[in-house]
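**Q** model this:
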Amino acid sequence: MAASSMRFIFIILTFVTVGMIFGALLQLAFIRRLEESSGANSSLTRIQHLNGGISYWDDKEASVLRLGYVKPEVVSWSPRIIVFHNFLSAEECDYLRAISKPRLEVSTVVDARTGKGIKSKVRTSSGMFLTAEEREYPMIQAIEKRISVYAQVPVENGERVQVLRYEKNQFYRPHHDYFSDTFNLKYGGQRVATILMYLSDNVEGGETYFPKAGSGECSCGGKMAKGLCVKPNKGDAVLFWSMGLDGKSDPNSLHGGCEVLSGEKWSATKWMRQSATI
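**A** The predicted structure is shown next:
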């Protein structure tokens, strides 16, 4: 009787064990099919945590967008200002400075009457524009695509990147990026947004200053001023909108570059228009 009971229990346990194994195999097969259909089995799932960010091993799209590294911070809603920390890699910053340095010229401002660039005491930096050929370089294309995705503005609506260098005592007085002349509106319409990318570190002063943002005070070139200031940290970028949600030019987007107290401030500027410029 005891032997018979033991055999019965053994058969039951065997049946249960086989059923569990079979069920587990079916579940694994189901998960595998889901992964294959969703692309989750791609290199995107192989991640490595580095310095609080995420490095995607082989996924080119993730690499171009610096997913896991770029950290957005909304600093103002009126005007709309977002700081993207770690927007550029150190290599990208150094690359932009290297290709720009031999071609720097005294910066100009737009003449409201003619729409042409003229020298002015309100802007004392030096700069240059990337050429149409340079826009085809892989690293430049990656940066422009990243700008397009994070700003939600098509690549073709962007003007050519301008690289700027501010040396000690240099600055850019507060101004608006939108046009007040009709000449420049012929090529892509009004400027809707601007992104400033910082390419150097160890800079004292040189903040990007928004006099009409916020209700507090900030340090602008070593002096306290009303408004909001963004420090030029290498790799960071600040995106702000020259047009409001109503589609009209936003006077609160007034901004300037504070005086550099020491070091060199390098930045790259990308203006974005209402329609295609290329």
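**Q** Run through the strands of the stretch 151-278 of the chain in chain order.
**A** For the stretch 151-278 of the chain, the strands defined by DSSP state E, counting those that start in this stretch occupy 162-166, 172-175, 191-198, 204-205, 208-210, 217-220, 223-226, 228-230, 237-241, 255-257, 260-262, 265-273.
**Q** want to try TSV for these, with mean pLDDT as columns?
**A** Below are those laid out as TSV (pLDDT from 0 to 100):
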stretch	mean pLDDT
strand 162-166	97
strand 172-175	96
strand 191-198	98
strand 204-205	98
strand 208-210	98
strand 217-220	98
strand 223-226	97
strand 228-230	98
strand 237-241	98
strand 255-257	98
strand 260-262	98
strand 265-273	98
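**Q** right, so of these, which gets closest to Asp94?
**A** With Cβ to Cβ, the closest approach to Asp94 among these belongs to strand 265-273: 9.7 Å. No exception for glycine: its C-beta is placed from N, CA and C like everyone else's.
**Q** And the chain, what are its domain boundaries?
**A** For the chain, the structural domains run 2-41, 47-273, going by automatic domain parsing.
**Q** mean pLDDT for those: which is lowest?
**A** With a mean of 61, domain 2-41 has the lowest mean pLDDT of the domains of the chain.
**Q** related to what we said a few turns ago, and among the domains of the chain, the most buried is which?
**A** For the domains of the chain, the largest average neighbour count (mean count of other Cβ atoms under 10 Å) is found in domain 47-273, namely a mean of 17.
**Q** Show me what Lys71 is bridged to.
**A** Beta bridges link Lys71 to His85, judged by DSSP bridges.
**Q** Ala142 versus the most centrally placed residue in the chain, what's the distance?
**A** Centrality entry for the chain: nearest residue to the mean C-alpha point is Phe87, 4.5 Å, by Cα atoms, centre = their mean. Phe87 sits 12 Å away from Ala142, going by Cβ to Cβ, to the nearest Å.
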